[in-house]
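Asker: I would like the atomic coordinates for the input below:
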Amino acid sequence: MTETDNNGIDKVIACENLTKRFKEGKLDVEVLKGISLDISAGEKIAIVGSSGSGKSTLLHILGGLDLPTEGTVHVMGKNIAKLSDKERGDLRNQSLGFIYQFHHLLPEFTALENVAMPLLIRGSSTTEASSKASDILNKVGLSERLSHKPGQLSGGERQRAAIARALVTNPNAVLADEPTGNLDHKTALQIFDLMQSLNQEMQTAFVIVTHDMQLAEKMDKIYSLVDGRLSNY
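Answerer: Residues are numbered from 1 along each chain as shown. Have a look, this model is predicted:
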């Protein structure tokens, strides 16, 4: 179930007055300061900012991987701070996909097995998980690489497999942290175009943290994170 704003648009993720503070001894650092952000179904959002500006921290909180110090985050209408660890894990598995700068594929498993993993964790049968994993790998252009392990794939192919893994559960939103940051420019553009194509086809919302303005400008909205505050770019 999604929340709906005043215009009747479904909100996949909504955060209000989000603050994140890290304390250690006498050190007290406020990384995020009163951020409010709505992400609607099918929307493509880029968040840009310098290194250390808190972009990854914000993404982790939006995805329920971390909790805010103050403020609220709702994913599919559920306040993540009020969920147990298991409930947050289930919500991530059901509603969200994650893509990182480094693919984080498991080296001992094939591309097909890596992509099927989220469905197996969900409780799908091996047959169903393999079938869906094969379908999405075909969509990202890896139909000839199903039995290849990560070490046998190129950098671009590994990132395509990571995108397939993020999308195999048909999530409401994908959160991507510098998804093209470890690739050459040509491959980065190909990966970004692939994500846009899948966004249009599957109506999955994308929230992408990137330092590449050429890529950010392909999104529906660009936000800038400076000194812990989020603003329109």
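
Asker: tell me how many other residues crowd residue 226.
Answerer: 12 (other CB atoms under 10 Å). C-beta: built from backbone N, CA, C; applies to glycine.

Asker: swap in residue 18?
Answerer: Using other CB under 10 Å, residue 18 is surrounded by 22 other residues.

Asker: tell me the contacts of it?
Answerer: 32, 34-37, 58, 61, 68, 70-73 (CB atoms under 8 Å, 6 or more residues apart in numbering).

Asker: with residue 20 instead?
Answerer: Residue 20 sits in contact with 30-32, 54, 57-58, 61, 66, 68-69, where contact means CB under 8 Å, 6+ apart.

Asker: 10 Å instead?
Answerer: 29-33, 35, 54, 57-58, 60-61, 66-71, 228 (CB atoms under 10 Å, 6 or more residues apart in numbering).

Asker: circling back: who wins on neighbours among the contacts of residue 18?
Answerer: residue 58 (29 neighbours).

Asker: how close does it sit to residue 179?
Answerer: 16 Å (CB to CB, to the nearest Å).

Asker: what pairs with the spatially most central residue of the chain across the strands?
Answerer: The residue lying closest to the centre of the chain (CA atoms, centre = their mean) is residue 175, at 1.4 Å. Residue 175 forms beta bridges with residue 98, residue 207, as assigned by DSSP bridges.

Asker: what about it, distance to residue 139?
Answerer: Counting by CB to CB - residue 175 and residue 139 are separated by 20 Å.

Asker: could you count how many residues lie near residue 162?
Answerer: 27.

Asker: and it, helix, strand or coil?
Answerer: helix (DSSP: H, G, I helix; E, B strand; the rest coil).

Asker: burial count for the closest residue to it other than its chain neighbours?
Answerer: The shortest distance from residue 162 to any non-neighbouring residue, by CB to CB, 6 or more residues apart in numbering, is to residue 103 (4.1 Å). Using other CB under 10 Å, residue 103 has 21 neighbouring residues.

Asker: most residues in a single helix of the chain, which one?
Answerer: helix 185-202 (DSSP state H).

Asker: next secondary structure element downstream of the lowest-mean-pLDDT helix or strand in the chain?
Answerer: Scoring the helices and strands of the chain by mean pLDDT, DSSP states H and E places strand 3-4 at the bottom, with a mean of 50. Remark: after strand 3-4, the chain's next helix or strand is strand 10-24, criterion DSSP states H and E.

Asker: report pLDDT for the residue lying farthest from the centre of the chain.
Answerer: Distance to the chain centre peaks in the chain at residue 26, reaching 33.4 Å (criterion: CA atoms, centre = their mean). Predicted confidence (pLDDT) for residue 26: 80.

Asker: would you mind measuring from residue 140 to residue 106?
Answerer: In terms of CB to CB, residue 140 sits 18 Å off from residue 106.
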